[in-house]
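Peer 1: How does the following fold in three dimensions:
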Amino acid sequence: MKRLFLFLSFSAALSAATKPDIILDDTAVKNLQLEYAEAEETTFEDTVFSLGHIEVLPGKSAIVSSRIPGRAFSVLVIPHQEVDAGAEVAWIESRQPGDPPPVIKLEAPIAGLVSKVNIVQGQPVSPDDELIKILDLNTVEAVASVPQYLAGQLKPGVQAHIRVTALPDKVFESKIAHIAAEAEEASGTIEAAFHVANPDGLLRPGMKAEFSVVVGKRENVMSVPRAAVQGDGAQRFVYIKAYDLKNAFVKVPVVVGTMNDRFAEVTEGLLPGDEVVTRGAYALAFAGKGSVSLKEALDAAHGHPHKEDGSEMTKEDIAAAEHHGHDHEGHDAGWNMLTTFFAGTSALLLVLLVVTLGMNRKPVAV
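Peer 2: Coordinates of the predicted model:
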């Protein structure tokens, strides 16, 4: 009998622990655009976060200038235009006498994107003038400013995940190509350069970049996407999908270890296979305040009525509920008045009891 009692107690506790905290209807789920991911043991990357920027790869820019003084007879390119190596970009009319004066053709020394055009037709030019600038952006250099105390963990070949502010949903993968010979004394950082393939030309010089430099890896680490973890440092939690109830979610406290740019290590609170809410997890807590009740959700899911605590209703419960429903309107007003009367009477009796106790208390002899 004792074992049966313990089993029933454990079952009740387990049922209470997994009772959904939030139950939504189909419309709310669609509006929140919820996305999910399974908690799993995987290879976890320990990363270092750094800021930086995009630069032109050394040796991948060129300046077009005139070898002779003269004037611009014709300008054949405009800024942001793609040109091939050897393409004509301008004609310069020489100052040497002639009828007509000699004209030389200026060609693009490399293929790439025209960055600047500092010349207009008819403008005087000299050999010192930088007339046109061309950039080859098929591969760019991403430069990260890493704190000096982490320099010992940096070496050529170390991987990084790179994001730019202008393209928040895109991640560029690269490895350290070289590390600066000198540190920046004022900022306390040292630069690490990454060569990033840029076939679509999305990365442009001057763009701000964020770097997650991978300095270590650990196997079989329970982790979930960072977006799934909610709350502050002292009270972290996630929402997991209820196993047997549609559109229902359980708020589960978790203990979080290390975080990287994409995942959070979970040391307590989850099991492999738990399906956590990622996108929409933050909004889910607010949406839950207007969610349907547990009774309504179970009624819809199972096709028969339940009590407010989620347990199934017996035939007697259903009959009593129907009878109560018929008489509900007539009893509401009377019930409210009766409740008020009993509340007032109870308060009055409590006051009288306190006064009586005070009057009957005998003084203590000194």
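Peer 1: pLDDT weak spots in the protein?
Peer 2: 1-18, 287-303, 306-311, 322-345, 347-366 (pLDDT under 70).
Peer 1: Just give the nearest non-adjacent residue to the most centrally placed residue in it, would you?
Peer 2: Nearest residue to the geometric centre of the chain (Cα atoms, centre = their mean): Ala227, 5.3 Å. Closest residue in space to Ala227, ignoring its immediate chain neighbours: Thr278 at 4.5 Å, by Cβ to Cβ, 6 or more residues apart in numbering. Every residue, glycine included, has its C-beta placed from N, CA and C.
Peer 1: likewise Ile240?
Peer 2: In space, and not counting its chain neighbours, Ile240 is closest to Asp274: 4.9 Å by Cβ to Cβ, 6+ apart.
Peer 1: Confirm for me that the one you found is in contact with Tyr243.
Peer 2: No: assessed by Cβ atoms under 8 Å, Asp274 is found out of contact with Tyr243, at 9.5 Å.
Peer 1: Of the two, give the one with the bigger neighbour count.
Peer 2: Between Asp274 and Tyr243, Asp274 has the larger neighbour count (other Cβ atoms under 10 Å), namely 20 against 11.
Peer 1: Let me know the secondary structure of Lys30.
Peer 2: Here Lys30 is recorded as helix under DSSP: H, G, I helix; E, B strand; the rest coil.
Peer 1: Pull out the buried positions in stretch 103-112.
Peer 2: In terms of neighbour count (16 or more other Cβ atoms under 10 Å), stretch 103-112 has its buried residues at Leu106, Ala108, Gly112.
Peer 1: Could you let me know which of the residues you listed ends up closest to Leu203?
Peer 2: Nearest to Leu203 among those: Gly112, at 13.7 Å, using Cβ to Cβ.
Peer 1: check contacts around that closest one.
Peer 2: Shown in contact with Gly112 (Cβ atoms under 8 Å, 6 or more residues apart in numbering): Lys60, Ser61, Ala62, Glu82, Val83, Ile134, Leu135, Asp136, Leu137, Asn138.
Peer 1: can you check Asp128 too?
Peer 2: Asp128 touches Ser65, counting by Cβ under 8 Å, 6+ apart.
Peer 1: Could you measure from it over to Ile63?
Peer 2: Separation of Asp128 from Ile63 (Cβ to Cβ, to the nearest Å): 11 Å.
Peer 1: do the same with Glu185
Peer 2: Going from Glu185 to Ile63 by Cβ to Cβ gives 32 Å.
Peer 1: Please parse this structure into its domains.
Peer 2: 50-57+138-217, 61-135 (automatic domain parsing).
Peer 1: returning to that earlier point: confirm for me that the residue nearest to the centre of the chain is in contact with Ala283.
Peer 2: No: when contacts are counted by Cβ under 8 Å, Ala227 is not listed as touching Ala283 (11.4 Å).
Peer 1: Next, count neighbours for Ile119.
Peer 2: For Ile119, using other Cβ under 10 Å, the count is 24.
Peer 1: Ile68 now?
Peer 2: Neighbour count for Ile68, taken as other Cβ under 10 Å: 14.
Peer 1: what's the answer for Glu182, then?
Peer 2: Neighbour count for Glu182, taken as other Cβ under 10 Å: 7.
Peer 1: Likewise for Pro253?
Peer 2: For Pro253, the number of neighbouring residues by other Cβ under 10 Å comes to 11.
Peer 1: Contacts only, for it.
Peer 2: Contacts of Pro253 (Cβ under 8 Å, 6+ apart): Gln235, Arg236, Phe237, Gly269.
Peer 1: Tell me how far the third one lies from Val266.
Peer 2: Summarising the geometry, the distance separating Phe237 from Val266, computed by Cβ to Cβ, is 11 Å.
Peer 1: Next: the second one.
Peer 2: Arg236 sits 9 Å away from Val266, taking Cβ to Cβ as the criterion.
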